[in-house]
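Undergrad: model this:
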Amino acid sequence: QVQLVESGGGLVQAGGSLRLSCAASGRSFSKDVMHWFRQAPGKERESVAGISANGNTYYADSVKGRFTISRDNAKNTVYLQMNSLKPEDTAVYYCAAGSTRQANGMDYWGKGTLVTVSS
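TA: Numbering: from 1, shown residues only. Model prediction:
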């Protein structure tokens, strides 16, 4: 059974940092493009960052310079280091695997982890 399981969310003050992890199981994801999305209350799910199999990355403009996506293929795990967090970063963060950058193009999804940034 293929699973993506996020962890590392929590409550943090503005300006603080969190590191999210996405542990994959059921098969190797080393050749997949991996993504982080987020969904704030009342808003649509939006792309945050992605990383290709060879390490190329992309970021949403809203998180550039603050968030860093990385992967450890030996551990079948993807990370999202989030620094200088802002209240507007509050959302459920989801890990996904898929060949496009659009949410409707993902093949696998995790269940999400909640990040709350207090002002």
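Undergrad: what is the burial count for residue 38?
TA: By the criterion of other CB atoms under 10 Å, residue 38 has 22 neighbours. The C-beta positions use only the backbone N, C-alpha and C, and glycine is treated the same way.
Undergrad: which SSE is it in?
TA: Per DSSP states H and E: residue 38 is located in strand 34-39.
Undergrad: who touches the helix-or-strand element of the chain with minimal mean pLDDT?
TA: Lowest on mean pLDDT, DSSP states H and E among the helices and strands of the chain sits strand 106-109, with a mean of 94. The contact list for strand 106-109 (CB atoms under 8 Å, 6 or more residues apart in numbering) reads 2, 4, 35, 94-100.
Undergrad: so in that sheet, which strands flank it, and in what orientation?
TA: Partners of strand 106-109 in the sheet, by DSSP bridges, are strand 91-98 (antiparallel).
Undergrad: how far away is the residue most central in space within the chain from residue 27?
TA: Residue closest to the average C-alpha location in the chain (CA atoms, centre = their mean): residue 36, at 2.7 Å. Separation of residue 36 from residue 27 (CB to CB, to the nearest Å) stands at 20 Å.
Undergrad: about what we covered before: which positions in the least confident helix or strand of the chain come out as buried?
TA: 106, 108-109 (16 or more other CB atoms under 10 Å).
Undergrad: need the next SSE after it, C-terminal direction.
TA: That would be, after strand 106-109 and using DSSP H and E, strand 113-118.
Undergrad: what residues sit buried inside that next one?
TA: Buried-residue list, strand 113-118, by 16+ other CB under 10 Å: 113, 115, 117.
Undergrad: can you give me the buried ones in stretch 3-17?
TA: 4, 6, 8-9, 12.
Undergrad: quick check: end-to-end length of it?
TA: 26 Å (CA to CA, to the nearest Å).
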